[in-house]
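> Next comes the sequence, and after it the predicted model I'd like to discuss.
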Amino acid sequence: MSAHRILVTGAAGFIGYHLSQRLSLEGHSVTGVDNLNPYYDPSLKRARLARLSEHRNFRFRHCDLADRSSTQALFDSGDFDLVVHLAAQAGVRYSVDNPHVYIDSNITAFLHVLEGCRHHGLPRLVFASSSSVYAGNTELPFSLQSPVDTPISLYAATKRSGELMAHCYTRLYGLAATGLRFFTVYGPWGRPDMAPFKFVDAIEKGRPINIYNYGRMERDFTYVDDVVEAIVRVIACQESGFKLYNVGHSEPVPLMRFVRAIERSLGRRSMQKFLPLQAGDVVTTQADVSDLYRLTGYRPATPVEFGVDQFVRWYRDYFTASPRAATPASHHAADRDFEQVAVG
C-alpha cells in the first residue's frame, strides 16, 4: 500500500511495537502513543521504544488516552490517515481485582479515540479486540457467528463493549471500523505476564511451572509476525463500514506440547506442579479464520516450535545484553501460569 500517516496506540506494547516496526520499515509515517503504565516492568516498554526511535519516520508521544484533553490534543496535533488502536489494559485475571483500570483503559480511552476519529474526519480505524469475548462457548472453532454476549470476565466485557461502540460510530458517523479478535499472541518482545515468558523464565531459573487442569488444556497460539501481517493486509483492503475478523493460527496447541517445545528450545527440563482448572479459564480455544482468509488471502501459519525458538532466542539475548530481573508482572502473575489471551 502507498505510504500513510498512521497513529498506532499502544506502540510500546507487544503487538504495537512489532506493528510500528513493520510500518516504519515500509516507509509509513508512524506516530506511536503509549502511557507506559506499570502493569508490567516499563523498562521492557522503553527498550521497545528505543528500537523504534532508530526509525526516522517514527515519533513517540507519551499520552494517557483515558485523559480526554490529552487525547484531543493528540488528534489536534497530527494529520493522520488512519488509526490502529492497540492500547488496552490486558489480562483476564487482573480485571478481577482492578476493575476500574479496565473501564478507564478499554472503554473511556476507546471512546476518546473514536471521538478523535469523528471530529477530525478520519475515515479508517482498525482496533484490537480479543478471543476472550468467546469465553463460555464450547463449540469449536470460534467463529464470528458464535455468541459473545455472555462474557465471563470484565476484560472480555470491555473488549465486547469496544466492538459495540465502534459499530455505533460506523452507523452514526460513517467511520470505517475493523475489529480484530486476537488469539493468544506470543513471540519475541512478548509480555512478561503471559505463559511463554513465565514458563521460560521459570525453567531458566530452576523454578516449577504451574500446569492447570492437569495439562488438559489447548490454546490457539498465534505468532506475533503472523498477527502483524494480518493487520497490514487488513489495512490495505480499505474496507468500509463495520467489520470483525478472528486472527489466530486456527490449530489448538496442547499445553504439554507447548511446554515440551520450550524445554527443547532451552535444552532444560521443567519442574511441573499440576493443579485444577482455574475459575474463569476455558479448556480450548480455536479461531475460525475463514473470513480473514476471504478478505486478505492470508491465514497465520507459523508452527509453534519455530515461534518458541524465536522467543527463547530473544529472551536470552535480551537478558544477557542488559541483565535485569525478569519480573512477570506487578500483580502476582507468577503464581498463575496460563493466561487466557494476549493483546498488548
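Perfect, I can see it now.
> Quick check: residue 260 vs residue 207, distance?
As judged by C-beta to C-beta, to the nearest Å, residue 260 and residue 207 stand 18 Å apart. Where C-beta positions appear, they are placed from N, C-alpha and C, glycine not excepted.
> got any ranges where the stretch 151-300 of the chain has weak pLDDT?
Confidence mapping of the stretch 151-300 of the chain against pLDDT under 70 gives the ranges 279-280.
> Let me see the contact set for residue 315.
197, 200, 201, 204 (C-beta atoms under 8 Å, 6 or more residues apart in numbering).
> Can you tell me the SS state at it?
Residue 315 falls in the helix class when you classify it by DSSP: H, G, I helix; E, B strand; the rest coil.
> Distance of it relative to residue 265?
For residue 315, the distance to residue 265 (C-beta to C-beta) stands at 10 Å.
> okay, now residue 104: neighbour count?
16 (other C-beta atoms under 10 Å).
> who's in contact with the biggest helix by length in the chain?
Longest helix in the chain, counting residues (DSSP state H): helix 154-173. Contacts made with helix 154-173 from outside it, assessed by C-beta under 8 Å, 6+ apart, are listed as 88-92, 94-96, 99, 102-103, 106-107, 110-111, 114, 117-118, 125, 127, 129-130, 132-133, 135, 148-149, 151, 175-177, 179, 241-242, 244, 341.
> change it to 6 Å
Applying C-beta atoms under 6 Å, 6 or more residues apart in numbering, the contact partners of helix 154-173 are 92, 95, 99, 102, 106-107, 110, 114, 118, 129-130, 132-133, 135, 148, 151, 175, 177, 179, 241-242.
> Give me the subset of those lying in strands.
129, 130, 177, 179, 242 (DSSP state E).
> Where do the strands of the stretch 151-300 of the chain begin and end?
Assignment of strands within the stretch 151-300 of the chain using DSSP state E, counting those that start in this stretch yields the ranges 176-182, 185-186, 208-212, 218-219, 222-223, 242-247, 253-254, 271-275.
> How is this protein divided into domains?
For the chain, automatic domain parsing gives the domain ranges 5-185+222-247, 192-220+250-283+302-335.
> Go through these and name the closest to residue 296.
domain 5-185+222-247 (3.9 Å; C-beta to C-beta).
> Quote the end-to-end distance of that closest one.
End-to-end distance of domain 5-185+222-247 (C-alpha to C-alpha, to the nearest Å): 24 Å.
> Find residues that contact each of residue 315 and residue 265.
Between them, residue 315 and residue 265 share no contacting residue under C-beta under 6 Å, 6+ apart.
> how much space between the closest residue to residue 237 other than its chain neighbours and residue 303?
Leaving out its chain neighbours, the residue that sits closest to residue 237 by C-beta to C-beta, 6 or more residues apart in numbering is residue 295, at 5.7 Å. For residue 295, the distance to residue 303 (C-beta to C-beta) stands at 24 Å.
> So which of these two has more stuff around it?
Neighbour count, other C-beta under 10 Å: between residue 295 and residue 303, residue 295 has more, with 17 against 14.
> give the contact list for residue 199.
209, 262.
> Show me which pair in the ones in strands among the contacts of helix 154-173 is furthest apart.
So, those by C-beta to C-beta: farthest apart are 130 and 242, at 17.0 Å.
> Compare those two and say which one has the larger neighbour count.
residue 130 (29 against 19).
> Spatially, which residue comes closest to that one, not counting chain neighbours?
residue 159 (4.5 Å).
> What of residue 285?
Closest to residue 285 by C-beta to C-beta, 6+ apart is residue 220, at 4.7 Å.
> The one you found: neighbouring residues, count only.
Residue 220 - counted by other C-beta under 10 Å - has 26 other residues nearby.
> I'd say it and residue 288 touch.
No. Counting by C-beta atoms under 6 Å, residue 288 is not a contact partner of residue 220; they are 10.2 Å apart.
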